[in-house]
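>>> Generate a structure from the sequence data that follows.
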Amino acid sequence: MHCPFCDTPDSKVIDSRLAAQGAQIRRRRECTKCGERFTTFESYEVVMPRVIKSNGKNEPFDEQKLRRSLMHALQKRPVTQEQIEETLSDIQQKIRRLGERDVKSLTIGEIVMQSLYVLDHVAYVRFASVYHDFQNVDAFRKQIEQMQQRELNTSSGQSK
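The predicted structure is shown next:
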């Protein structure tokens, strides 16, 4: 690592620690020439798969687009920014774990819906209404009934 003070290409590591919940390594270094100390951070490069749209075109994964979708669905809901960031990170991790170079937008939408279902049911229905392009009240009603049935099945399964 080049010294930021004298540009010598050699430095030695004095201390290494995990940072950013284990996603980075913080290293304390000392220049072998001038003796100055400095800190570096190392992290792995996260490569998200490309997104295959429903029309067949593909585009790079856009974290900001995902964030906007979540924020829109969660608008005025009792969810903290920390929960939103956690959910965003969890969704991206699930997409990466698929191990694919290209992922259909349909698959991403389903992952988002699963995460929103756990986080906030109202946000789930909001997202589903746009994602599934609900055209009338009956479509909303059907989605809510399916959600309620899922809750009943889950709660009756836990009481056994």
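
>>> mind listing what residue 60 touches?
Residues in contact with residue 60 (CB atoms under 8 Å, 6 or more residues apart in numbering) are 48, 50-51. Any C-beta I mention is one placed from the backbone N, CA and C, and that applies to glycine too.

>>> That one and residue 153: what is the separation?
38 Å (CB to CB, to the nearest Å).

>>> Could you do residue 19 as well?
Remark: distance between residue 19 and residue 153 (CB to CB) = 42 Å.

>>> So those two - more neighbours on which side?
Legend: neighbour count by other CB atoms under 10 Å for residue 19 and residue 153, higher for residue 19 (15 against 10).

>>> Pretty sure that one sits against residue 25.
Yes. Shown here, residue 19 and residue 25 form a contact pair, counting by CB atoms under 8 Å, at 6.8 Å.

>>> Give the intersection of the neighbour lists for these two.
In contact with both residue 19 and residue 25: residue 41, using CB under 8 Å, 6+ apart.

>>> where are the low-confidence patches of the protein?
The chain contains residues with pLDDT under 70 at 156-160.

>>> what ranges do the strands span in it?
Assigned strands in the chain, in chain order: 11-19, 24-31, 37-43, 50-52, 58-59, 102-104 (criterion: DSSP state E).

>>> Distance to residue 132 added to those strands, as TSV?
Shown next, in TSV, are the strands of the chain (distance: least, CB to CB, whole Å):
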stretch	distance to residue 132
strand 11-19	41
strand 24-31	39
strand 37-43	37
strand 50-52	18
strand 58-59	21
strand 102-104	15
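
>>> top helix in the protein by residue count?
Determined from DSSP state H, the single longest helix within the chain is helix 137-158.

>>> what's the spacing between residue 26 and residue 38?
Distance of residue 26 to residue 38, computed by CB to CB: 11 Å.

>>> ok, now residue 1?
Distance of residue 1 to residue 38, computed by CB to CB: 8 Å.

>>> next one: residue 10
Distance, residue 10 to residue 38, using CB to CB: 13 Å.

>>> which neighbours do these two share?
Common contacts of residue 10 and residue 38 (CB under 8 Å, 6+ apart): 3, 31.

>>> And these two? Which one has more around it.
Ranked by neighbour count (other CB under 10 Å), residue 10 and residue 38 place residue 38 first, with 15 against 11.

>>> Now do the contacts for that one.
Residue 38 sits next to 3-5, 11, 28-29, 31 when contact means CB under 8 Å, 6+ apart.
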